[in-house]
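> sequence first, then the predicted structure:
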Amino acid sequence: MTDARPTPGPLALVGGAELGPGNEPQDRLLAAAAGQGPAYVLATAAARHRPELAVANAAGWFAGLGLRVEELPATGRRQTRARPNADLAREGRFFYLVGGDPGIVPTTLRDTPVWAAVVDAWRGGAALGGSSAGAMALGEWTLTRDARPGDDRRRYSPGLGLVPGVAVIPHFETFGAGWVESAVDGAPHDGAILLGLDERTAAVWTPDGAWRAMGPGTVTVLRGGSSATFASGDEIDGLPRPATD
């Protein structure tokens with residue numbers, strides 16, 4: 001008997017500074033996986049910061065890679081609960097979550113028809129990517145500000161759980177590294193994994209079951225008291241399989 005289950009598409013977690021030069025390796029892979037199907041950008045994380053500009057930037061960038069991208073309305077709960085938007089997502093073959101505010105992405109998307117349709121489409125072979133706050137939301141936890149603006153201390157808030165056991169730290173070679181101490185101290189359990197991603201650099205899961213580093217920077221996996229760093233092209237050890245079913 002053959003296994004008739006569909007094969008999930010690629011999943012890219014990007015460290016920020018998206019939609020510009022340096023992101024070509026992971027973005028070309030995602031665009032190729034989209035085929036001829038509808039391709040969407042979700043500006044959820046940019047809802048408070050000119051989401052229309054984030055959509056325009058995404059459309060321009062991916063047009064240069066041969067992919068026509070349009071907005072999937074998802075900047076508020078009314079939009080993410082709307083069945084017409086979920087119907088659009090169900091037919092999608094590419095989804096990209098831009099950066100912005102990490103706190104609002106899970107709360108806007110969780111337990112909604114739109115997010116359920118995005119995940120179903122990805123599990124059916126669509127490409128899915130997120131950068132900075134968009135990547136953070138895809139983990140089991142997202143790291144949100146503990147206190148005042150500018151504070152490096154971070155606390156764990158529930159993410160969307162597509163990558164279990166993981167909290168993403170974007171912009172790792174710049175300000176993201178400053179989050180590590182509080183993230184280690186506040187980890188929910190000893191097995192929690194911190195995934196540090198440099199800007200324009202991605203941890204990419206492909207349907208062959210492997211995670212690989214792509215882009216000009218490095219990917220760092222921290223767990224307990226140990227850490228490992230991976231350069232572009234390296235297979236990444238220590239990351240769990242995404243929730244493909």
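Happy to help now that I have it. Numbering: from 1, shown residues only.
> longest helix anywhere in this structure?
helix 51-63 (DSSP state H).
> check contacts around Val204.
By Cβ atoms under 8 Å, 6 or more residues apart in numbering, Val204 lies in contact with 10-13, 26, 29, 211-214. Quick note: C-beta positions are derived from backbone N, CA and C, even for glycine.
> what's the closest non-adjacent residue to it?
Distances taken as Cβ to Cβ, 6 or more residues apart in numbering place Ala12 nearest to Val204, at 4.7 Å, with adjacent residues excluded.
> what's the answer for Gly20, then?
Trp61 (6.7 Å).
> ends of stretch 205-212, what's the gap?
This stretch, stretch 205-212, spans 6 Å end to end (Cα to Cα, to the nearest Å).
> if you count neighbours, what's buried in that stretch?
The neighbour-count check on stretch 205-212 (16 or more other Cβ atoms under 10 Å) flags 205, 211-212 as buried.
> Arg77 touches Thr108, doesn't it?
Yes: between Arg77 and Thr108 there is a contact at 6.1 Å, judged by Cβ atoms under 8 Å.
> who has more neighbours out of the two?
Between Arg77 and Thr108, Thr108 has the larger neighbour count (other Cβ atoms under 10 Å), namely 22 against 15.
> quick one, what contacts Thr244?
8, 123.
> pLDDT value on it, please?
Note on Thr244: pLDDT of 94.
> Three-state assignment for it, please.
Secondary structure assignment for Thr244 (DSSP: H, G, I helix; E, B strand; the rest coil): coil.
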